[in-house]
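Trainee: generate coordinates for the sequence data below:
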Amino acid sequence: MRISSATFSLCLLLSACGGDADPGSRTAAPAPPAADVAADTIPAHDDAPPPALASEADDGMTGVDSGSSGKTSATGVSKLSKLATFPVGVSLSYGNEAFSYTNSPPQQAVIKTHFSQLTAGNIMKMSYLHPDRDTYNFTQADDFLKFAKDNGKTLHAHTLIWHADYQVPAFMKNYQGDKAAWLAMLKTHVQTIATHFSGKVASWDVVNEAINDGGGYRNSIFYQKTGTDYIEQAFINARAVDKKADLYYNDYNIEADSAKLQTLTNMLDGFKARSVPISGVGFQMHIFMDYPSVSTISAAFKRAVDRNLKVKITELDIPINNPFSAPYKAGDIKRELTPALALAQKKRYCEVVKAYMDTVPAKLRGGVTVWGVSDPSSWLISDLFKNAHADWPLLFDGAYQQKPALRGVADGLSGKACTNT
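Mentor: Predicted coordinates:
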């Protein structure tokens with residue numbers, strides 16, 4: 001199997017990105033597609049092996065970081081969000097979900113101290129808010145919104161339309177009607193939800209992941225029934241009932257897959273020609289320590305900037321291990337976050353944030369959000385690494401202690417040099 005470095009992303013083997021899954025699972029992320037499906041969706045890359053096989057999980061590793069490590073802890077960042085004039089956000093699990101903030105005072109302390117914007121990991125997705133045709137359930141989302149408001153945080157809402165099978169309500173899967181009927185049904189869906197939250201949320205991921213890896217549009221049920229019309233109609237319908245919220249198109253791997261980025265660019269140009277009310281582009285940014293390059297990331301951001309659209313990093317995480325790399329396949333699996341690795345991750349986080357600051361002018365900075373608070377809570381542990389071993393993709397360890405990665409983000413926001421010291 002060959003995977004092209006120009007189009008590779010960890011999300012290619014997954015049915016979706018960003019911890020999006022059954023909240024009953026440990027890290028709430030969807031199951032990957034069957035192997036024969038995955039193979040058909042992966043472009044070529046010379047030194048990128050498939051992820052670890054299930055049998056490799058028998059090595060005694062649990063994938064859980066038991067807590068803090070004095071060797072890799074960091075101090076000195078007093079309040080991360082104060083270093084930016086734009087939102088610095090984090091995604092959170094809610095209620096009975098694993099790693100829910102509602103059951104963790106230490107996690108709440110980190111949230112309140114360092115972040116200015118919150119995103120719900122699951123509870124503002126389609127099946128949660130609109131489980132049946134005439135049924136809407138805002139109870140959990142309203143409580144989440146209250147937590148944000150009570151603590152002086154804004155809310156980035158995720159997401160109005162998304163293809164993932166488990167998140168498309170059953171009534172939509174079974175809906176009978178022509179294209180016009182489908183668009184009318186989706187209009188009601190979008191406007192009912194957007195109306196409820198109008199004036200309460202700062203921004204929306206209006207449509208999530210509508211573009212294929214390798215370019216073209218994803219063959220979702222929405223595309224099958226309406227073509228691409230559902231995408232721009234979602235923006236038109238959301239804007240009709242919420243005049244102020246920023247409206248984003250959100251996707252993964254658009255910072256690395258040139259064909260996918262070109263489809264996005266063409267879509268944006270069409271939106272501009274037809275005056276579709278889109279505010280910006282959400283770059284999920286599930287990336288690795290060595291891929292993609294900073295220059296590639298910057299060039300992708302510039303596509304949106306050149307169209308006077310906001311750029312928002314919406315789901316940033318950077319694992320230490322890359323299961324698609326030749327060293328990992330050969331057995332070079334990092335099973336401990338050593339000081340050297342922690343500092344290398346610090347530098348990588350800094351470089352990504354610095355690229356954002358250098359490329360995106362102040363008026364177009366929609367914000368930077370990391371996907372999860374502590375390392376053990378990351379969706380990558382179960383979905384990418386199959387719980388075969390631990391990894392450390394985020395800014396805080398399992399005891400909610402600062403890691404050098406947090407200092408890396410702080411340095412990037414502050415314009416300081418990016419170093420591994």
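Trainee: so where is this structure shaky, pLDDT-wise?
Mentor: Across the chain, the ranges flagged by pLDDT under 70 are 1-75.
Trainee: show me where it has helices.
Mentor: 35-41, 105-114, 126-129, 139-150, 170-173, 179-197, 221-226, 229-241, 258-273, 294-305, 326-329, 339-359, 379-383, 404-414 (DSSP state H).
Trainee: make JSON lines from the ones you listed and add mean neighbour count to it.
Mentor: Just so you know, the C-beta spots here come from the backbone N, C-alpha and C atoms, and that holds for glycine as well. What follows is the helices of the chain, written out as JSON lines (neighbours: other CB atoms under 10 Å):
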{"stretch": "helix 35-41", "mean neighbour count": "11"}
{"stretch": "helix 105-114", "mean neighbour count": "16"}
{"stretch": "helix 126-129", "mean neighbour count": "20"}
{"stretch": "helix 139-150", "mean neighbour count": "16"}
{"stretch": "helix 170-173", "mean neighbour count": "14"}
{"stretch": "helix 179-197", "mean neighbour count": "18"}
{"stretch": "helix 221-226", "mean neighbour count": "18"}
{"stretch": "helix 229-241", "mean neighbour count": "21"}
{"stretch": "helix 258-273", "mean neighbour count": "17"}
{"stretch": "helix 294-305", "mean neighbour count": "18"}
{"stretch": "helix 326-329", "mean neighbour count": "15"}
{"stretch": "helix 339-359", "mean neighbour count": "21"}
{"stretch": "helix 379-383", "mean neighbour count": "26"}
{"stretch": "helix 404-414", "mean neighbour count": "24"}
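Trainee: the lengthiest strand in the chain pairs with which strands, parallel or anti?
Mentor: Secondary structure of the chain read by DSSP state E shows that its longest strand is strand 154-162. Strand 154-162 has these partner strands in its sheet, going by DSSP bridges: strand 117-120 (parallel), strand 203-208 (parallel).
Trainee: tell me how many other residues surround residue 136.
Mentor: The burial count assigned to residue 136 is 15, neighbours taken as other CB atoms under 10 Å.
Trainee: contacts only, for the residue nearest to it when sequence neighbours are not counted.
Mentor: The spatially closest residue to residue 136, leaving aside those adjacent along the chain, is residue 130, at 5.5 Å (CB to CB, 6 or more residues apart in numbering). If a contact means CB atoms under 8 Å, 6 or more residues apart in numbering, then residue 130 has 136-137, 169, 189, 192-193 as its contacts.
Trainee: and which of these is nearest residue 384?
Mentor: Nearest to residue 384 among these is residue 169, at 27.4 Å by CB to CB.
Trainee: so what's the closest residue to that closest one other than its chain neighbours up against?
Mentor: Once its chain neighbours are removed from consideration, residue 169 has its nearest residue in residue 127; the separation is 5.0 Å (CB to CB, 6+ apart). Under the criterion of CB under 8 Å, 6+ apart, the contact list for residue 127 reads 166-169.
Trainee: my guess is residue 148 contacts residue 157, does it?
Mentor: No. Under the criterion of CB atoms under 8 Å, residue 148 is not in contact with residue 157, lying 10.6 Å apart.
Trainee: just the buried residues of the contacts of residue 127.
Mentor: For the contacts of residue 127, a neighbour count by 16 or more other CB atoms under 10 Å gives the buried set as 167-169.
Trainee: quick one: which of those is nearest residue 378?
Mentor: Ranked by distance to residue 378 (CB to CB), those are led by residue 167 at 19.6 Å.
Trainee: give me the distance between the closest one and residue 121.
Mentor: 12 Å (CB to CB, to the nearest Å).
Trainee: who touches the closest residue to residue 276 other than its chain neighbours in this structure?
Mentor: Once flanking residues are discounted, residue 276 sits nearest to residue 232: 4.6 Å by CB to CB, 6+ apart. Counting by CB under 8 Å, 6+ apart, residue 232 makes contact with 270-271, 274, 276.
Trainee: what separation do you get for residue 142 and residue 193?
Mentor: With CB to CB as the criterion, residue 142 and residue 193 are 12 Å apart.
Trainee: oh, that last question was meant for residue 110, not what I typed.
Mentor: The spacing between residue 110 and residue 193, counted by CB to CB, is 29 Å.
Trainee: thinking again about what came up before, can I get the helices of the chain in a markdown table with distance to residue 247?
Mentor: Below are these laid out as a markdown table (distance: least, CB to CB, whole Å):
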| stretch | distance to residue 247 |
| --- | --- |
| helix 35-41 | 28 |
| helix 105-114 | 25 |
| helix 126-129 | 17 |
| helix 139-150 | 18 |
| helix 170-173 | 21 |
| helix 179-197 | 9 |
| helix 221-226 | 17 |
| helix 229-241 | 5 |
| helix 258-273 | 11 |
| helix 294-305 | 13 |
| helix 326-329 | 38 |
| helix 339-359 | 20 |
| helix 379-383 | 25 |
| helix 404-414 | 25 |
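Trainee: please name whichever of these is nearest to residue 83.
Mentor: For the helices of the chain, distance to residue 83 was read as CB to CB. The smallest value, 4.1 Å, belongs to helix 404-414.
Trainee: for the residue nearest to residue 80 when sequence neighbours are not counted, give me its contacts.
Mentor: The shortest distance from residue 80 to any residue other than its chain neighbours is 4.1 Å, reached at residue 114 (CB to CB, 6+ apart). Applying CB under 8 Å, 6+ apart, we find residue 114 in contact with 77, 79-81, 88, 90, 395, 406.
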